[in-house]
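**Q** Pasting the sequence and the predicted model now:
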Amino acid sequence: MQVKSIYRFARISAFKAREVTREIQGLPATDALELLRFVPKKAALLVIKTLKSAIANAENNNNLNAASLVVKEAVVGEGATFKRSQPKARGSAGPIRKRTSHIRIILTDEVEIKRREPAAKTKKPRAKKPAANPAPAGPVTETSAPAADSKN
């Protein structure tokens, strides 16, 4: 079963909000909430609000368990742009675009939960450095060099 929640006309540009939603795609819903709590961006608060709404929809409307939900899709689309103007020099005006976005989160319980493993800190073996001036392996012959004593 899929559950959807949409936050429309969020007062943030879609470009800034997409950076946060990319992080939570495919994660279990509870892990996504924990991850977003530590993201120091305005978009994280808006995505948390939408994700909590989706979890509440799943629990109250469809009797699903929050522990079994996975973020199937977290998409941010562009919303309406409020157009304002700012006074400029010599009586002219410059445009100001106040961008909005629509945040859509879809949760599902049909996907198997896969937890991300923390990256193991292992040292890579160092490659051996070549010697400073290696000696040639065999005798040196000048087969491709032009003859020096040829005359015209």
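**A** Done, it's in. Numbering: from 1, shown residues only.

**Q** Give me the most central residue, this structure.
**A** Arg22 (3.9 Å; C-alpha atoms, centre = their mean).

**Q** Does that residue fall in a helix, a strand, or a coil region?
**A** Put simply, Arg22 is helix when judged by DSSP: H, G, I helix; E, B strand; the rest coil.

**Q** beta partners for the spatially closest residue to it that is not a sequence neighbour?
**A** Excluding the flanking residues, the one nearest Arg22 by C-beta to C-beta, 6 or more residues apart in numbering is Ala74, at 7.8 Å. (C-beta placed from N, C-alpha, C; glycine too.) Note on Ala74: beta-bridge partners Ile105, judged by DSSP bridges.

**Q** Ala74 reaches Ala17, doesn't it?
**A** No: in this structure Ala74 lies outside contact range of Ala17 using C-beta atoms under 8 Å: 9.7 Å.

**Q** tell me which residues in stretch 60-70 are buried?
**A** Leu64, Ala66, Ser68, Leu69, Val70 (16 or more other C-beta atoms under 10 Å).

**Q** which one of those sits closest to Ala56?
**A** Ranked by distance to Ala56 (C-beta to C-beta), the buried residues of stretch 60-70 are led by Ala66 at 8.9 Å.

**Q** Quick check, the closest one in contact with Ala54.
**A** No: counting by C-beta under 8 Å, Ala54 is not a contact partner of Ala66; they are 10.0 Å apart.
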